[in-house]
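Participant: Need the 3D shape of this:
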Amino acid sequence: MTFKKTAFTKTTSAGYLANHMARLFGHGLHRRIQPLGLAPAQFMTLLELWGEDGLTQKQLVERLDVEQATMANTLRRMERDGLITRCPHPDDGRAHQTWLTPTARNLREAATAAAQAQNDHALSDLSEDERGVLLDLMRRVVRTMKDSEDG
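Facilitator: Numbers count the residues shown, from 1 in each chain. Presented below is the predicted three-dimensional model:
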């Protein structure tokens, strides 16, 4: 597949636009979940744990594609804030499982509603079909970049 060559600027760079869009999404999400006492890194960690409670730090690092130190700091803050507890893994003495507290479980509805509101706002100028196309294209680009990292 060939692409039409255009001058490389911030408005023609997929990387620049994706990064800019991600920062704007992040700022909007932060404003919406801050009243719940959450930060974006905590929210994305909670999304994983709401889907599967009891994950290890290593599993969270892999699923969220973040640095080990970043995840360790996020989990430490979440434990301090009463969102998670960590217990030794029964089969791996070096690992700890991360478990949601009732406080974190009770935040699920409000936090996901806040994230949905941010998504709805950001995509409000797109039709339903355009939203679907955008999401499909984003998933394909992410998959391509992940595959090239793994290969």
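
Participant: Show the low-confidence segments of this protein, by residue range.
Facilitator: For the chain, applying pLDDT under 70 flags the ranges 1-4, 150-151.

Participant: Any idea how far the top helix by length along it is from the middle of the chain?
Facilitator: In the chain, assigned by DSSP state H, the helix with the most residues is helix 128-150. Once both centres are worked out by C-alpha atoms, centre = their mean, to the nearest Å, helix 128-150 turns out to sit 15 Å from its chain's centre.

Participant: Ok, stretch 61-76 next?
Facilitator: Using C-alpha atoms, centre = their mean, the offset of stretch 61-76 from its chain centre is 11 Å.

Participant: Give me the three-state assignment for the residue nearest the centre of the chain.
Facilitator: In the chain, the residue lying closest to the centroid (C-alpha atoms, centre = their mean) is residue 44, at 4.0 Å. Using DSSP: H, G, I helix; E, B strand; the rest coil, the structure places residue 44 in helix.

Participant: picking that back up, could you export the longest helix of the chain as PDB, CA atoms only?
Facilitator: The C-alpha coordinates for helix 128-150 follow below in PDB (Å, rounded to 0.1, in the frame of the first residue of the first chain):
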ATOM      1  CA  GLU A 128     -22.500   6.600  14.900                       C
ATOM      2  CA  ASP A 129     -20.900   5.100  11.800                       C
ATOM      3  CA  GLU A 130     -17.900   7.500  12.000                       C
ATOM      4  CA  ARG A 131     -17.400   6.600  15.600                       C
ATOM      5  CA  GLY A 132     -17.400   2.900  14.700                       C
ATOM      6  CA  VAL A 133     -14.900   3.500  11.900                       C
ATOM      7  CA  LEU A 134     -12.600   5.600  14.100                       C
ATOM      8  CA  LEU A 135     -12.600   3.000  16.900                       C
ATOM      9  CA  ASP A 136     -11.900   0.200  14.400                       C
ATOM     10  CA  LEU A 137      -9.100   2.100  12.800                       C
ATOM     11  CA  MET A 138      -7.600   2.900  16.200                       C
ATOM     12  CA  ARG A 139      -7.700  -0.800  17.200                       C
ATOM     13  CA  ARG A 140      -6.000  -1.800  14.000                       C
ATOM     14  CA  VAL A 141      -3.200   0.800  14.400                       C
ATOM     15  CA  VAL A 142      -2.700  -0.300  18.100                       C
ATOM     16  CA  ARG A 143      -2.600  -3.900  17.000                       C
ATOM     17  CA  THR A 144      -0.100  -3.200  14.200                       C
ATOM     18  CA  MET A 145       2.200  -1.300  16.600                       C
ATOM     19  CA  LYS A 146       1.900  -4.000  19.300                       C
ATOM     20  CA  ASP A 147       2.700  -6.700  16.700                       C
ATOM     21  CA  SER A 148       5.800  -4.900  15.500                       C
ATOM     22  CA  GLU A 149       7.000  -4.600  19.200                       C
ATOM     23  CA  ASP A 150       6.400  -8.300  19.800                       C
END
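
Participant: Thank you kindly, that will do.
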